[in-house]
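[1] Got a sequence here, can you build the structure:
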Amino acid sequence: MKNYIPDNNRYDKMEYRRIGRSGLLLPEISFGLWQHFGPNDDYDNCRAMITHAFDCGVSHFDIANNYSLGESERIFGKILHSDLTSYRDELVISTKAGHRMWPGPYGEWGSRKYLLSSLDASLKRLGLEYVDIFYSHRPDMDTPLEETMGALSSAVKAGKALYVGISKYPPEMARRAASILKEMGTPCLIHQARYSMFNRDPEEGLFDVTKEEGMGVIAFQAMAQGLLTNKYLKGVPADSRVAKGEGTLKVEQITPSALSKVGKLNDLAISRGQSLAQMAIAWDLRDERVSSVLIGASSVAQMDDSLSALKNKHFSQEELDLIDDILKD
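    As a prediction, this is how the structure comes out:
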């Protein structure tokens, strides 16, 4: 295996945004390992994607305990120690806990027992003493919020995480979480939220909360689970993951109305010199409250295609108005 040597110009290829009221910067595009980093995926391809991302200035890698039931963390940990150990201080590595990871009553949600046990297991799989960001991956309506936030604060105070965040919390619950953490002396750094042209829920209160509370926002599913790509312009391909019933995008979501909007948005993207997926990423970044957009990839080529969104992040007011009109139809 050839020794990896990073590109010396990697930081000239990326712009970085501050996360809320903190000293931390994230690349405008971060790399998520939700898919394509599992037991059946090619390790050499995984390694090529991670090292290429770093060569392009992508310094933030986002994982979770339940991604491939821990295999994503194991694979990333192996790549980290084979290729990136010398560059650990240049990396922001995040993981999460909240979804089901093992059987029984302590294997999911937001209890102190589950969150801290999960973090210990994640650190072992990653081969690290700490992660940069540890998230509560989803809200737990049955566990006191003070307990869940207390576990996050304990992770920081134990030196197992530098910062903490929350994911998929509704606005007022996010505000309460931030307030509790502030009282504990552990500011809530970041909120990870679904945000796309087809899912603008964060605009209905969440963005206001994050700004007021000093949190940054990292957006995921900017491409609406693949709907905002050229994959479904002519319907659902027979060999697609949707047709096979795999993934989170369902056939019933690909309606004639949705396809009509996708077609019009694709025409606009072409006029901007972009693919629809590139425009979807750029659209998320148009809002200064979004610190970074998470992308996934199955190959270096797909990653490069997404990173090319950064070549044209500017939208004229006419383009923004047209997008709004298309989405209203």
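[2] For the nearest residue to Ile50 once chain neighbours are set aside, give its distance to Lys234.
    Excluding its sequence neighbours, the residue lying closest to Ile50 (Cβ to Cβ, 6 or more residues apart in numbering) is Ile79, at 4.9 Å. From N, CA and C alone the C-beta is placed, and that goes for glycine too. Distance of Ile79 to Lys234, given as Cβ to Cβ, to the nearest Å: 37 Å.
[3] Sort out which residues of the helix or strand containing Leu119 are buried, please.
    Leu119 belongs to helix 112-126 when assigned by DSSP states H and E. Neighbour-count burial for helix 112-126 flags Arg112, Tyr114, Leu115, Leu116, Ser117, Ser118, Leu119, Ala121, Ser122, Leu123, Arg125, Leu126 (criterion: 16 or more other Cβ atoms under 10 Å).
[4] Reformat the residues you listed as a markdown table; add pLDDT.
    Compiled in a markdown table, the buried residues of helix 112-126 are given as follows (pLDDT from 0 to 100):
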| residue | pLDDT |
| --- | --- |
| Arg112 | 98 |
| Tyr114 | 98 |
| Leu115 | 98 |
| Leu116 | 98 |
| Ser117 | 98 |
| Ser118 | 98 |
| Leu119 | 98 |
| Ala121 | 98 |
| Ser122 | 98 |
| Leu123 | 98 |
| Arg125 | 98 |
| Leu126 | 98 |
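[5] ok, and what's touching the least confident helix or strand in the chain by mean pLDDT?
    Least confident helix or strand, the chain: helix 256-271 with a mean of 94, by mean pLDDT, DSSP states H and E. With contacts defined as Cβ atoms under 8 Å, 6 or more residues apart in numbering, helix 256-271 is touched by 197-198, 227-228, 230, 232-233, 235, 275-276, 278-279, 319, 322-323, 326-327, 329.
[6] Show me which of those are buried.
    Buried by 16+ other Cβ under 10 Å: 197-198, 227-228, 232, 275-276, 278-279, 319, 322-323, 326, out of the contacts of helix 256-271.
[7] quick one: contacts for the residue nearest the centre of the chain?
    Centroid-nearest residue in the chain: Leu294, 3.7 Å away (criterion: Cα atoms, centre = their mean). Contacts for Leu294 (Cβ under 8 Å, 6+ apart) come out as Ile29, Ser30, Phe31, Gly32, Asp62, Gln192, Ile218, Ala219, Phe220, Ala222.
[8] Quick check: bridge partners of it?
    Ser30 (DSSP bridges).
[9] ok, it to Met49 distance?
    Counting by Cβ to Cβ, the gap from Leu294 to Met49 is 14 Å.
[10] what's the overlap in contacts for these two?
    By Cβ under 8 Å, 6+ apart, the residues touching both Leu294 and Met49 are Phe31.
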